[in-house]
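Student: pasted the sequence and its predicted model underneath.
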Amino acid sequence: MPTIQEVAKRAGVSPGTVSRYLNGHQLKAGNQARVQQAIEELGYRSNFLARSLRSNRSMTIGLIINNMLNHFAVSIVAQMEREMELNDYSIILSGIREDREIFVRKLENLIDRRVDGLVLVEPLEDDRARRLIEQSGIPTLSLSRPLPYACVDNLVAANRKSCRTVTARMIAAGHERIGVLAACQDEYVARERLSGVLEAFDEAGLPRANAVVRVGGYGREDGYRDMEALLREDGVDTVFALNHGRGQGAQQAVGELGLQIGRDLSFACYDYLDTRTYFHPTITTVCPPADEIGTRAAQQILAMIQEERLGTGKVDYIDEDIQWLPSIIGIDREP
């Protein structure tokens, strides 16, 4: 039975190009003609449909993403799509914008469309959603924000561990009073990151009051305002920004105050970019593993479908990449 890879080889294009053609995207004229010819020669489309009918599968994954503007979540989806293309699967994508009513409605829609699996990126907790998943019998995987449901498996970044590690190294380098730019604590990832920071103080035998925490919004403006407060009012000289928007605002505040990171103060942050390319001096950065989560998620949901296995409530953690760079005084290399 021909596969996308065989069609791609015959046509002299990538598997992704074949998948885009099958999903209705317009290709360059030469590529489109070669792909169509390869499909006809190999009989791919008819075999694909026959396989779907024989297996009683739709060859689709329903994917619900909470925030379409979240760079991390979008990166996960992009990587998942690449993996799905290689396995002849298509993704039906829906956004919910932190709205429980929309979440339940979109979930019902995907179940009605008989998707083979469900992947939920930063989903919301809702009893109606839990009942729908339980009753559907569809393998379901939650990413970034675990769901406390026995019918769902979870794959999340090890936020708490990363923040504990960075804070512990700051403390070991002599920084025993640290300003913390934390996001609002009504969200799982924000709570995990701040918990990791505070655990590092516990493990070092230092009072939690040594963590001077400023909690605020996710935006650059919030980070700018709270960084100014940490430096002017709280008198700290070491800061850890726990999300990228606040971190960017903090760096702007530092520059406008005439200070230099790595010389006048120590600084680390979360970001989704390789800061070695964008900032001078380079910043110690925790980088969430979007590509790895996307790849693992695709592999895991496909395995659950193939094995006809439902979720069990387990939570798997993926370590984040920490780029140790000379923005923390006393730390100039990786451990």
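Tutor: Yes, it's here.
Student: all strands for the stretch 151-300 of the chain, in order.
Tutor: In the stretch 151-300 of the chain, the segments counted as strands under DSSP state E, counting those that start in this stretch are 153-157, 178-183, 211-216, 238-241, 266-270, 284-287.
Student: avg pLDDT for the last one?
Tutor: Along strand 284-287, the predicted confidence averages to a pLDDT of 92.
Student: how about the CA coordinates for that strand, as CSV?
Tutor: Only the C-alpha atoms of strand 284-287 are listed here, as CSV (Å, rounded to 0.1, in the frame of the first residue of the first chain):
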residue,chain,number,x,y,z
THR,A,284,20.7,33.2,30.7
THR,A,285,17.4,31.9,29.4
VAL,A,286,15.0,29.0,30.0
CYS,A,287,13.6,27.8,26.6
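Student: starting at the chain centroid, how far to that strand?
Tutor: Computed by CA atoms, centre = their mean, to the nearest Å, the chain-centroid distance of strand 284-287 equals 14 Å.
Student: that one - contacts with which helices or strands?
Tutor: Helices and strands touching strand 284-287, by 3 or more CB pairs under 8 Å, 6 or more residues apart in numbering; DSSP states H and E, are helix 159-172, strand 266-270, strand 321-323. All C-beta spots, glycine's among them, are computed from the backbone N, C-alpha and C.
Student: hmm, 6 Å instead?
Tutor: strand 266-270, strand 321-323 (3 or more CB pairs under 6 Å, 6 or more residues apart in numbering; DSSP states H and E).
Student: for it, list every residue counted as buried.
Tutor: By neighbour count with 16 or more other CB atoms under 10 Å, strand 284-287 contains the buried residues 284-287.
Student: take the residues you listed and write them to a markdown table, including distance to Lys28.
Tutor: Formatted as a markdown table, the buried residues of strand 284-287 follow (distance: CB to CB, whole Å):
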| residue | distance to Lys28 |
| --- | --- |
| Thr284 | 44 |
| Thr285 | 38 |
| Val286 | 40 |
| Cys287 | 35 |
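Student: of those residues, which is the nearest to Phe72?
Tutor: Cys287 (9.8 Å; CB to CB).
Student: that closest one reaches Asp319, doesn't it?
Tutor: No: with contact defined as CB atoms under 6 Å, Cys287 does not count as touching Asp319 (10.8 Å).
Student: lowest-pLDDT helix or strand in the protein?
Tutor: Every helix and strand of the chain was ranked by mean pLDDT, DSSP states H and E. The lowest is helix 275-278, at a mean of 47.
Student: just the pLDDT for the residue of the chain most remote from its centre.
Tutor: When each C-alpha in the chain is compared with the mean C-alpha position (CA atoms, centre = their mean), Glu41 comes out farthest, at 40.0 Å. As predicted, Glu41 sits at a pLDDT of 85.
Student: any low-confidence regions in the stretch 151-300 of the chain?
Tutor: 272-281 (pLDDT under 70).
Student: go again using 80 as the cut-off
Tutor: 271-281 (pLDDT under 80).
Student: the residue farthest from the centre of the chain - nearest residue in space that isn't next to it in sequence?
Tutor: Arg10 (6.7 Å; CB to CB, 6 or more residues apart in numbering).
Student: looking at this, the one you found is in a helix?
Tutor: Yes: judged by DSSP: H, G, I helix; E, B strand; the rest coil, Arg10 forms part of a helix.
Student: wait, it sits on Ile39?
Tutor: No: applying CB under 6 Å as the test, Arg10 and Ile39 come out as separate, 8.8 Å apart.
Student: out of those two, which sits in the busier spot?
Tutor: Neighbours around Arg10 and Ile39, counted as other CB atoms under 10 Å, are more numerous at Ile39. The numbers are 21 against 18.
Student: can you tell me the helix or strand for that one?
Tutor: Here Ile39 sits within helix 29-42, counting by DSSP states H and E.
Student: who does that helix touch, helix- and strand-wise?
Tutor: helix 4-11.
Student: gap between the helix or strand just after the helix it packs on and the chain center?
Tutor: As assigned by DSSP H and E, the chain's next helix or strand after helix 4-11 is helix 15-22. Its chain's average C-alpha position is 25 Å from that of helix 15-22, according to CA atoms, centre = their mean.
Student: leaving out sequence neighbours, find the closest residue to Arg191.
Tutor: Gln185 is the one closest to Arg191 (CB to CB, 6+ apart), at 5.3 Å.
Student: okay, now that neighbour: neighbour count?
Tutor: Gln185, neighbours per other CB under 10 Å, totals 13.
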